[in-house]
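Chemist: I'd like to go over a predicted model; first the sequence, then the structure.
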Amino acid sequence: MPGTKEIRAKIGSVKSTQKITKAMEMVAASKMRRAQDRMRLARPYADKIRTVIGHLNAANPDYRHPFLVERADVKNVGIIVVSSDRGLCGALNINVFKSSLLAMRDWQGKGAAVQLCLIGSKATAFFRRLKTPIAASVQGLGDKPHVKDLIGTVKVMLDAYREGKIDRLLLIHSSFINTMSQRPEVVQLLPVETLDASDLQQHWDYIYEPDSAAILDGVLMRYIESQVYRGAVENVACEMAARMVAMKSASDNAGSLIDELQLVYNKARQAAITKELAEIVGGAAAV
Amino acid sequence: MATDSIHVDIVSAEGEIFSGAAKMVFVPATEGELGITPRHAPLLSLIKAGEVRVQTPDGQEQFFFVGGGALEIQPRKVTVLADTALRAKDVDEAAALAAKQRAEEMLAGKVDRIEQAEALAELARAAAQLKFIQKLRKIKG
(Lines give C-alpha, C1' and ligand atoms only; values in the text may rest on other atoms or scores of the structure.)
Protein backbone atom coordinates (compact mmCIF):
# COMPACT_ATOMS: atom_id res chain seq x y z
CA MET A 1 0.00 0.00 0.00
CA PRO A 2 1.50 3.35 -1.00
CA GLY A 3 2.27 5.90 1.63
CA THR A 4 -0.28 8.52 2.60
CA LYS A 5 2.08 11.33 1.69
CA GLU A 6 2.41 10.20 -1.93
CA ILE A 7 -1.33 9.87 -2.30
CA ARG A 8 -1.85 13.34 -0.90
CA ALA A 9 0.66 14.77 -3.38
CA LYS A 10 -1.12 12.95 -6.22
CA ILE A 11 -4.48 14.35 -5.15
CA GLY A 12 -2.95 17.82 -5.11
CA SER A 13 -1.62 17.50 -8.63
CA VAL A 14 -4.91 16.16 -10.01
CA LYS A 15 -6.72 19.02 -8.31
CA SER A 16 -4.54 21.63 -9.99
CA THR A 17 -5.03 19.92 -13.34
CA GLN A 18 -8.77 20.07 -12.72
CA LYS A 19 -8.51 23.78 -12.05
CA ILE A 20 -6.85 24.31 -15.41
CA THR A 21 -9.35 22.22 -17.34
CA LYS A 22 -12.23 23.99 -15.62
CA ALA A 23 -10.80 27.38 -16.52
CA MET A 24 -10.30 26.28 -20.12
CA GLU A 25 -13.87 25.05 -20.22
CA MET A 26 -15.23 28.39 -19.13
CA VAL A 27 -13.01 30.36 -21.49
CA ALA A 28 -14.09 28.14 -24.38
CA ALA A 29 -17.75 28.61 -23.46
CA SER A 30 -17.57 32.39 -23.63
CA LYS A 31 -15.47 32.33 -26.79
CA MET A 32 -17.95 29.97 -28.39
CA ARG A 33 -20.77 32.41 -27.82
CA ARG A 34 -18.81 35.19 -29.48
CA ALA A 35 -17.83 32.98 -32.39
CA GLN A 36 -21.48 32.07 -32.90
CA ASP A 37 -22.35 35.76 -33.00
CA ARG A 38 -19.75 36.32 -35.69
CA MET A 39 -21.18 33.38 -37.60
CA ARG A 40 -24.58 35.02 -37.54
CA LEU A 41 -23.18 38.38 -38.57
CA ALA A 42 -21.61 36.89 -41.68
CA ARG A 43 -24.94 35.57 -42.92
CA PRO A 44 -26.60 38.73 -44.36
CA TYR A 45 -23.57 39.42 -46.57
CA ALA A 46 -23.54 35.90 -47.98
CA ASP A 47 -27.30 35.96 -48.60
CA LYS A 48 -27.15 39.35 -50.28
CA ILE A 49 -24.26 38.40 -52.51
CA ARG A 50 -26.08 35.23 -53.52
CA THR A 51 -29.10 37.16 -54.71
CA VAL A 52 -26.90 39.59 -56.62
CA ILE A 53 -25.21 36.68 -58.38
CA GLY A 54 -28.62 35.21 -59.10
CA HIS A 55 -29.77 38.50 -60.63
CA LEU A 56 -26.64 38.78 -62.70
CA ASN A 57 -27.00 35.24 -63.88
CA ALA A 58 -30.61 35.67 -64.86
CA ALA A 59 -29.97 39.03 -66.53
CA ASN A 60 -27.45 37.81 -69.07
CA PRO A 61 -27.75 34.12 -69.71
CA ASP A 62 -25.46 34.24 -72.74
CA TYR A 63 -22.39 35.29 -70.76
CA ARG A 64 -20.93 32.39 -68.85
CA HIS A 65 -18.32 33.25 -66.32
CA PRO A 66 -15.59 30.56 -66.01
CA PHE A 67 -16.52 30.15 -62.34
CA LEU A 68 -20.01 29.07 -63.33
CA VAL A 69 -19.18 26.59 -66.06
CA GLU A 70 -19.09 22.95 -65.11
CA ARG A 71 -15.99 21.35 -66.59
CA ALA A 72 -16.64 18.00 -68.21
CA ASP A 73 -13.28 16.47 -67.46
CA VAL A 74 -12.07 16.89 -63.89
CA LYS A 75 -8.35 16.16 -63.85
CA ASN A 76 -7.27 18.26 -60.89
CA VAL A 77 -9.11 19.01 -57.70
CA GLY A 78 -8.28 21.68 -55.16
CA ILE A 79 -9.34 21.14 -51.60
CA ILE A 80 -9.34 23.84 -48.93
CA VAL A 81 -9.14 22.24 -45.49
CA VAL A 82 -10.03 24.38 -42.49
CA SER A 83 -8.70 23.27 -39.10
CA SER A 84 -8.00 24.87 -35.77
CA ASP A 85 -4.64 26.20 -34.66
CA ARG A 86 -4.67 24.55 -31.27
CA GLY A 87 -5.38 21.12 -29.93
CA LEU A 88 -7.27 19.96 -26.85
CA CYS A 89 -10.55 20.06 -28.70
CA GLY A 90 -11.51 16.40 -28.90
CA ALA A 91 -11.79 14.68 -32.24
CA LEU A 92 -12.75 17.85 -34.11
CA ASN A 93 -9.71 18.16 -36.34
CA ILE A 94 -9.28 14.44 -36.83
CA ASN A 95 -12.84 14.21 -38.11
CA VAL A 96 -12.17 16.96 -40.65
CA PHE A 97 -8.95 15.26 -41.75
CA LYS A 98 -10.71 11.94 -42.07
CA SER A 99 -13.36 13.32 -44.38
CA SER A 100 -10.67 15.22 -46.30
CA LEU A 101 -8.74 11.99 -46.80
CA LEU A 102 -11.92 10.29 -47.93
CA ALA A 103 -12.62 13.05 -50.45
CA MET A 104 -9.02 12.93 -51.63
CA ARG A 105 -9.12 9.17 -52.10
CA ASP A 106 -12.43 9.48 -53.86
CA TRP A 107 -11.08 11.94 -56.42
CA GLN A 108 -7.80 10.11 -56.79
CA GLY A 109 -9.79 6.97 -57.49
CA LYS A 110 -11.42 8.83 -60.35
CA GLY A 111 -8.00 9.64 -61.73
CA ALA A 112 -7.81 13.23 -60.58
CA ALA A 113 -4.81 14.82 -58.90
CA VAL A 114 -5.42 16.62 -55.65
CA GLN A 115 -3.95 19.90 -54.49
CA LEU A 116 -4.41 21.12 -50.97
CA CYS A 117 -4.84 24.51 -49.44
CA LEU A 118 -4.54 24.42 -45.67
CA ILE A 119 -5.98 26.78 -43.10
CA GLY A 120 -4.85 26.33 -39.50
CA SER A 121 -1.68 24.83 -38.07
CA LYS A 122 -3.25 21.49 -37.17
CA ALA A 123 -3.98 20.87 -40.85
CA THR A 124 -0.45 21.78 -41.89
CA ALA A 125 1.02 19.51 -39.22
CA PHE A 126 -1.15 16.65 -40.44
CA PHE A 127 -0.95 16.98 -44.20
CA ARG A 128 2.73 17.74 -44.57
CA ARG A 129 3.41 14.08 -43.91
CA LEU A 130 1.42 13.06 -46.96
CA LYS A 131 2.87 13.51 -50.38
CA THR A 132 0.00 15.61 -51.66
CA PRO A 133 1.13 18.92 -53.13
CA ILE A 134 0.19 21.91 -50.97
CA ALA A 135 -0.55 25.05 -52.94
CA ALA A 136 -1.07 27.53 -50.15
CA SER A 137 -1.45 27.70 -46.42
CA VAL A 138 -2.26 30.11 -43.65
CA GLN A 139 -1.92 29.71 -39.90
CA GLY A 140 -2.52 31.67 -36.79
CA LEU A 141 -5.88 33.18 -37.68
CA GLY A 142 -6.72 33.31 -34.01
CA ASP A 143 -10.19 33.39 -32.51
CA LYS A 144 -11.33 36.19 -34.79
CA PRO A 145 -10.47 35.32 -38.37
CA HIS A 146 -10.48 38.24 -40.77
CA VAL A 147 -11.32 38.16 -44.44
CA LYS A 148 -8.10 40.05 -45.05
CA ASP A 149 -6.01 37.10 -43.84
CA LEU A 150 -7.79 34.70 -46.18
CA ILE A 151 -7.71 36.69 -49.42
CA GLY A 152 -4.23 35.57 -50.45
CA THR A 153 -4.88 31.92 -49.76
CA VAL A 154 -8.17 31.92 -51.63
CA LYS A 155 -6.66 33.85 -54.52
CA VAL A 156 -4.05 31.15 -55.09
CA MET A 157 -6.83 28.63 -55.59
CA LEU A 158 -8.98 30.96 -57.72
CA ASP A 159 -6.02 31.74 -59.96
CA ALA A 160 -5.26 28.05 -60.28
CA TYR A 161 -8.86 27.52 -61.34
CA ARG A 162 -8.74 30.35 -63.86
CA GLU A 163 -5.55 28.98 -65.35
CA GLY A 164 -7.01 25.49 -65.56
CA LYS A 165 -4.63 24.02 -63.01
CA ILE A 166 -7.60 22.79 -61.04
CA ASP A 167 -11.07 21.99 -62.35
CA ARG A 168 -12.95 21.89 -59.11
CA LEU A 169 -12.56 23.50 -55.72
CA LEU A 170 -13.88 22.03 -52.50
CA LEU A 171 -14.02 23.42 -49.00
CA ILE A 172 -13.95 21.09 -46.01
CA HIS A 173 -14.62 22.48 -42.55
CA SER A 174 -16.45 21.55 -39.37
CA SER A 175 -20.03 22.66 -39.36
CA PHE A 176 -21.66 23.69 -36.15
CA ILE A 177 -24.81 21.72 -35.44
CA ASN A 178 -25.02 22.39 -31.74
CA THR A 179 -22.71 22.59 -28.77
CA MET A 180 -22.53 18.83 -28.47
CA SER A 181 -22.06 17.92 -32.09
CA GLN A 182 -19.97 19.22 -34.94
CA ARG A 183 -19.73 17.48 -38.23
CA PRO A 184 -17.24 17.88 -41.07
CA GLU A 185 -18.89 19.37 -44.11
CA VAL A 186 -17.77 19.29 -47.73
CA VAL A 187 -18.86 22.28 -49.82
CA GLN A 188 -18.23 22.72 -53.50
CA LEU A 189 -16.92 26.23 -54.12
CA LEU A 190 -16.07 26.04 -57.80
CA PRO A 191 -17.77 25.79 -60.17
CA VAL A 192 -20.38 27.75 -58.26
CA GLU A 193 -23.45 25.60 -58.07
CA THR A 194 -26.24 27.13 -60.07
CA LEU A 195 -28.50 29.21 -57.93
CA ASP A 196 -32.15 28.63 -57.64
CA ALA A 197 -33.99 31.12 -59.81
CA SER A 198 -37.10 30.76 -57.68
CA ASP A 199 -35.76 32.66 -54.67
CA LEU A 200 -35.19 35.79 -56.72
CA GLN A 201 -37.61 38.64 -56.50
CA GLN A 202 -39.39 39.84 -59.60
CA HIS A 203 -36.98 40.28 -62.41
CA TRP A 204 -35.93 43.58 -63.87
CA ASP A 205 -32.89 44.59 -65.74
CA TYR A 206 -30.17 46.53 -64.05
CA ILE A 207 -28.01 49.31 -65.27
CA TYR A 208 -24.48 47.94 -65.11
CA GLU A 209 -21.50 50.04 -64.30
CA PRO A 210 -18.96 49.35 -65.80
CA ASP A 211 -20.30 46.15 -67.42
CA SER A 212 -21.93 43.01 -66.17
CA ALA A 213 -18.93 40.76 -66.79
CA ALA A 214 -16.61 42.84 -64.63
CA ILE A 215 -19.19 43.05 -61.87
CA LEU A 216 -19.86 39.34 -61.98
CA ASP A 217 -16.15 38.65 -61.66
CA GLY A 218 -15.77 40.89 -58.64
CA VAL A 219 -18.91 39.61 -57.00
CA LEU A 220 -18.10 35.93 -57.55
CA MET A 221 -14.64 36.35 -56.09
CA ARG A 222 -16.11 37.99 -53.00
CA TYR A 223 -18.74 35.31 -52.75
CA ILE A 224 -16.14 32.57 -52.58
CA GLU A 225 -14.05 34.53 -50.12
CA SER A 226 -17.06 35.03 -47.93
CA GLN A 227 -17.79 31.31 -48.00
CA VAL A 228 -14.26 30.48 -46.94
CA TYR A 229 -14.49 33.15 -44.26
CA ARG A 230 -17.73 31.63 -43.06
CA GLY A 231 -16.06 28.24 -42.93
CA ALA A 232 -13.23 29.67 -40.86
CA VAL A 233 -15.58 31.41 -38.43
CA GLU A 234 -17.77 28.37 -38.09
CA ASN A 235 -14.67 26.32 -37.45
CA VAL A 236 -13.75 28.60 -34.55
CA ALA A 237 -17.23 28.12 -33.07
CA CYS A 238 -16.83 24.36 -33.46
CA GLU A 239 -13.37 24.42 -31.95
CA MET A 240 -14.62 26.25 -28.89
CA ALA A 241 -17.63 23.98 -28.50
CA ALA A 242 -15.51 20.87 -28.87
CA ARG A 243 -12.96 22.20 -26.42
CA MET A 244 -15.68 23.06 -23.96
CA VAL A 245 -17.05 19.53 -24.07
CA ALA A 246 -13.59 17.94 -23.95
CA MET A 247 -12.55 20.07 -21.00
CA LYS A 248 -15.79 19.38 -19.21
CA SER A 249 -15.26 15.65 -19.43
CA ALA A 250 -11.63 16.13 -18.40
CA SER A 251 -12.76 18.03 -15.30
CA ASP A 252 -15.34 15.35 -14.53
CA ASN A 253 -12.73 12.62 -14.91
CA ALA A 254 -10.37 14.52 -12.66
CA GLY A 255 -13.18 14.76 -10.10
CA SER A 256 -13.81 11.03 -10.09
CA LEU A 257 -10.08 10.38 -9.95
CA ILE A 258 -9.83 12.59 -6.90
CA ASP A 259 -12.71 10.70 -5.27
CA GLU A 260 -10.99 7.39 -5.87
CA LEU A 261 -7.66 8.64 -4.59
CA GLN A 262 -9.38 10.07 -1.54
CA LEU A 263 -10.80 6.63 -0.80
CA VAL A 264 -7.39 5.01 -1.14
CA TYR A 265 -5.92 7.73 1.03
CA ASN A 266 -8.50 7.18 3.78
CA LYS A 267 -7.89 3.46 3.71
CA ALA A 268 -4.13 3.92 3.93
CA ARG A 269 -4.52 6.33 6.79
CA GLN A 270 -6.85 3.96 8.61
CA ALA A 271 -4.46 1.05 8.04
CA ALA A 272 -1.60 3.06 9.51
CA ILE A 273 -3.66 3.91 12.59
CA THR A 274 -4.75 0.31 13.03
CA LYS A 275 -1.19 -0.85 12.72
CA GLU A 276 -0.01 1.60 15.31
CA LEU A 277 -2.78 0.57 17.70
CA ALA A 278 -1.92 -3.09 17.20
CA GLU A 279 1.68 -2.32 17.97
CA ILE A 280 0.76 -0.49 21.16
CA VAL A 281 -1.58 -3.29 22.24
CA GLY A 282 1.06 -5.87 21.34
CA GLY A 283 3.66 -3.95 23.29
CA ALA A 284 1.38 -3.67 26.33
CA ALA A 285 0.66 -7.38 26.23
CA ALA A 286 4.39 -8.18 26.14
CA VAL A 287 4.90 -6.18 29.30
CA MET B 1 -42.78 62.75 -46.68
CA ALA B 2 -42.57 59.21 -45.49
CA THR B 3 -42.42 57.80 -48.98
CA ASP B 4 -39.37 59.83 -49.76
CA SER B 5 -36.85 57.64 -48.10
CA ILE B 6 -34.79 54.72 -49.20
CA HIS B 7 -33.63 51.78 -47.15
CA VAL B 8 -29.88 51.38 -46.90
CA ASP B 9 -28.02 48.26 -45.88
CA ILE B 10 -24.28 48.34 -45.58
CA VAL B 11 -23.02 44.84 -44.92
CA SER B 12 -19.56 43.33 -44.86
CA ALA B 13 -18.52 39.70 -44.63
CA GLU B 14 -17.70 40.22 -40.98
CA GLY B 15 -20.90 41.94 -39.97
CA GLU B 16 -23.60 44.50 -40.57
CA ILE B 17 -22.31 48.05 -40.60
CA PHE B 18 -25.45 50.09 -41.11
CA SER B 19 -29.10 49.46 -41.71
CA GLY B 20 -31.75 52.14 -41.83
CA ALA B 21 -33.64 54.73 -43.82
CA ALA B 22 -32.01 57.56 -45.71
CA LYS B 23 -32.95 60.58 -47.81
CA MET B 24 -29.92 60.25 -49.98
CA VAL B 25 -26.84 58.06 -50.19
CA PHE B 26 -23.50 58.83 -51.79
CA VAL B 27 -21.37 55.91 -52.87
CA PRO B 28 -17.91 55.95 -54.50
CA ALA B 29 -18.55 53.72 -57.53
CA THR B 30 -15.67 52.78 -59.78
CA GLU B 31 -17.02 55.07 -62.52
CA GLY B 32 -17.39 58.05 -60.20
CA GLU B 33 -19.38 58.96 -57.15
CA LEU B 34 -23.06 58.12 -57.24
CA GLY B 35 -25.72 60.05 -55.42
CA ILE B 36 -28.72 57.84 -54.86
CA THR B 37 -32.15 59.19 -54.07
CA PRO B 38 -35.36 57.20 -53.56
CA ARG B 39 -36.84 55.66 -56.74
CA HIS B 40 -33.46 55.32 -58.35
CA ALA B 41 -33.32 52.97 -61.34
CA PRO B 42 -32.03 49.46 -60.56
CA LEU B 43 -28.28 49.47 -60.85
CA LEU B 44 -25.36 47.19 -60.11
CA SER B 45 -21.86 48.48 -59.78
CA LEU B 46 -18.53 47.87 -58.16
CA ILE B 47 -17.28 50.44 -55.71
CA LYS B 48 -13.82 51.60 -54.87
CA ALA B 49 -12.26 52.55 -51.56
CA GLY B 50 -13.76 55.69 -50.13
CA GLU B 51 -16.53 56.88 -47.91
CA VAL B 52 -20.20 56.15 -48.12
CA ARG B 53 -22.31 59.05 -46.94
CA VAL B 54 -25.81 58.43 -45.69
CA GLN B 55 -28.21 61.34 -45.17
CA THR B 56 -30.74 60.17 -42.64
CA PRO B 57 -34.34 61.51 -42.79
CA ASP B 58 -33.72 63.78 -39.79
CA GLY B 59 -31.11 65.67 -41.78
CA GLN B 60 -28.02 64.18 -40.21
CA GLU B 61 -25.18 62.69 -42.16
CA GLN B 62 -23.32 59.53 -41.36
CA PHE B 63 -20.03 58.49 -42.85
CA PHE B 64 -18.73 54.98 -43.40
CA PHE B 65 -15.42 54.03 -44.82
CA VAL B 66 -15.47 51.10 -47.22
CA GLY B 67 -12.45 49.41 -48.75
CA GLY B 68 -14.29 48.61 -51.95
CA GLY B 69 -16.99 46.14 -52.81
CA ALA B 70 -20.20 45.99 -54.75
CA LEU B 71 -23.38 48.04 -54.84
CA GLU B 72 -26.90 47.03 -55.66
CA ILE B 73 -29.67 49.56 -56.10
CA GLN B 74 -33.36 48.82 -56.22
CA PRO B 75 -35.94 51.61 -56.23
CA ARG B 76 -36.56 51.35 -52.50
CA LYS B 77 -33.40 49.70 -51.35
CA VAL B 78 -29.67 50.19 -51.56
CA THR B 79 -27.29 47.44 -50.58
CA VAL B 80 -23.61 48.09 -50.20
CA LEU B 81 -21.54 44.93 -50.02
CA ALA B 82 -18.47 46.36 -48.39
CA ASP B 83 -15.03 44.82 -48.24
CA THR B 84 -13.45 44.83 -44.84
CA ALA B 85 -9.99 45.00 -46.27
CA LEU B 86 -8.41 47.52 -48.54
CA ARG B 87 -7.70 45.70 -51.73
CA ALA B 88 -5.81 46.44 -54.83
CA LYS B 89 -4.57 44.07 -57.46
CA ASP B 90 -0.94 44.13 -56.31
CA VAL B 91 -1.90 43.85 -52.64
CA ASP B 92 -3.95 40.75 -53.40
CA GLU B 93 -1.09 39.43 -55.48
CA ALA B 94 1.34 39.91 -52.62
CA ALA B 95 -1.02 38.15 -50.23
CA ALA B 96 -1.32 35.22 -52.62
CA LEU B 97 2.43 35.03 -52.93
CA ALA B 98 2.80 35.02 -49.17
CA ALA B 99 0.31 32.16 -48.90
CA LYS B 100 2.30 30.15 -51.44
CA GLN B 101 5.53 30.90 -49.66
CA ARG B 102 4.12 29.75 -46.36
CA ALA B 103 3.18 26.44 -47.95
CA GLU B 104 6.66 26.02 -49.39
CA GLU B 105 8.36 26.91 -46.14
CA MET B 106 6.19 24.47 -44.33
CA LEU B 107 7.10 21.68 -46.72
CA ALA B 108 10.78 22.57 -46.60
CA GLY B 109 10.96 21.80 -42.92
CA LYS B 110 11.10 24.05 -39.90
CA VAL B 111 9.71 21.53 -37.48
CA ASP B 112 8.57 23.20 -34.31
CA ARG B 113 9.04 21.74 -30.88
CA ILE B 114 5.52 20.51 -30.37
CA GLU B 115 5.66 18.63 -33.62
CA GLN B 116 8.98 17.17 -32.63
CA ALA B 117 7.53 16.01 -29.35
CA GLU B 118 4.56 14.49 -31.16
CA ALA B 119 6.86 12.66 -33.55
CA LEU B 120 8.97 11.34 -30.67
CA ALA B 121 5.87 10.11 -28.87
CA GLU B 122 4.73 8.36 -32.01
CA LEU B 123 8.16 6.77 -32.40
CA ALA B 124 8.06 5.50 -28.84
CA ARG B 125 4.62 4.04 -29.43
CA ALA B 126 5.73 2.32 -32.62
CA ALA B 127 8.83 0.92 -30.89
CA ALA B 128 6.72 -0.45 -28.07
CA GLN B 129 4.36 -2.08 -30.55
CA LEU B 130 7.29 -3.66 -32.34
CA LYS B 131 8.67 -5.05 -29.11
CA PHE B 132 5.30 -6.46 -28.25
CA ILE B 133 4.99 -8.14 -31.62
CA GLN B 134 8.44 -9.66 -31.28
CA LYS B 135 7.54 -10.99 -27.86
CA LEU B 136 4.39 -12.54 -29.26
CA ARG B 137 6.41 -14.17 -32.02
CA LYS B 138 8.84 -15.63 -29.51
CA ILE B 139 6.02 -17.11 -27.47
CA LYS B 140 4.42 -18.58 -30.56
CA GLY B 141 7.59 -19.78 -32.18
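Modeler: Perfect, I can see it now.

Chemist: Not counting its neighbours along the chain, what's nearest the one residue in the stretch 151-287 of chain A that gets nearest to chain B?
Modeler: Per Cβ to the nearest Cβ, residue A:152 is where the stretch 151-287 of chain A lies closest to chain B, at 2.8 Å. Bear in mind the C-beta positions are built from the backbone N, C-alpha and C, glycine included. Excluding its sequence neighbours, the residue lying closest to residue A:152 (Cβ to Cβ, 6 or more residues apart in numbering or on different chains) is residue B:95, at 2.8 Å.

Chemist: do residue A:65 as well
Modeler: Closest to residue A:65 by Cβ to Cβ, 6+ apart is residue A:216, at 5.2 Å.

Chemist: Can you tell me how far residue A:171 is from residue B:120?
Modeler: Note on residue A:171: its distance to residue B:120, by Cβ to Cβ, to the nearest Å, is 34 Å.

Chemist: Chain B against chain A: which residues are in contact?
Modeler: Applying Cβ under 8 Å from any Cβ of the partner chain, we find that chain B lies next to chain A at B:9, B:11-16, B:29-31, B:41-46, B:69-70, B:72, B:79, B:81, B:83-85, B:87, B:92-100, B:102-103, B:106-107, B:115, B:118.

Chemist: When residue A:171 and residue B:120 are compared, which one has more neighbours?
Modeler: residue A:171 (25 against 10; other Cβ atoms under 10 Å in any protein chain shown).

Chemist: Enumerate every residue touching that one.
Modeler: In this structure, residue A:171 makes contact with A:79-80, A:82, A:186-189, A:227-228, A:231, judged by Cβ atoms under 8 Å, 6 or more residues apart in numbering or on different chains.

Chemist: And residue A:254, by the same measure?
Modeler: Residue A:254 sits next to A:14-15, A:17-18, A:21 when contact means Cβ under 8 Å, 6+ apart.

Chemist: if we look at chain B, which of the residues you listed are close to it?
Modeler: Of those, not one also sits near chain B (Cβ under 8 Å from any Cβ).

Chemist: Could you tell me which of those count as buried?
Modeler: Applying 16 or more other Cβ atoms under 10 Å in any protein chain shown to those, the neighbour count classes A:14, A:17-18, A:21 as buried.

Chemist: Around residue A:237, how many other residues sit close by?
Modeler: 25.

Chemist: and it, what does it touch?
Modeler: Residue A:237 touches A:32, A:35-36, A:38-39, A:176, counting by Cβ under 8 Å, 6+ apart.

Chemist: Looking at these, which is nearest chain B?
Modeler: Nearest to chain B among the contacts of residue A:237, with distances taken as Cβ to the nearest Cβ, is residue A:38, at 7.1 Å.

Chemist: Quick check: pLDDT value at that closest one.
Modeler: Per-residue pLDDT puts residue A:38 at 90.

Chemist: List, one by one, the residues from the stretch 101-250 of chain A near chain B.
Modeler: Residues of the stretch 101-250 of chain A lying near chain B (Cβ under 8 Å from any Cβ): A:117-118, A:124-125, A:128, A:134-139, A:146-148, A:151-153, A:155-156, A:159, A:204-210, A:212, A:214-215, A:218-219, A:222, A:225-226, A:229-230.

Chemist: Can you tell me which of these end up in helices?
Modeler: In helices, judged by DSSP state H, the following of those are found: A:124-125, A:147-148, A:151-153, A:155-156, A:159, A:212, A:214-215, A:218-219, A:222, A:225-226, A:229-230.

Chemist: so what secondary structure elements neighbour the worst-scoring helix or strand of chain A on mean pLDDT?
Modeler: Within chain A, no helix or strand scores below strand A:207-209, which has a mean of 81 by mean pLDDT, DSSP states H and E. Contacts defined by 3 or more Cβ pairs under 8 Å, 6 or more residues apart in numbering or on different chains; DSSP states H and E place strand A:207-209 against strand B:43-47.
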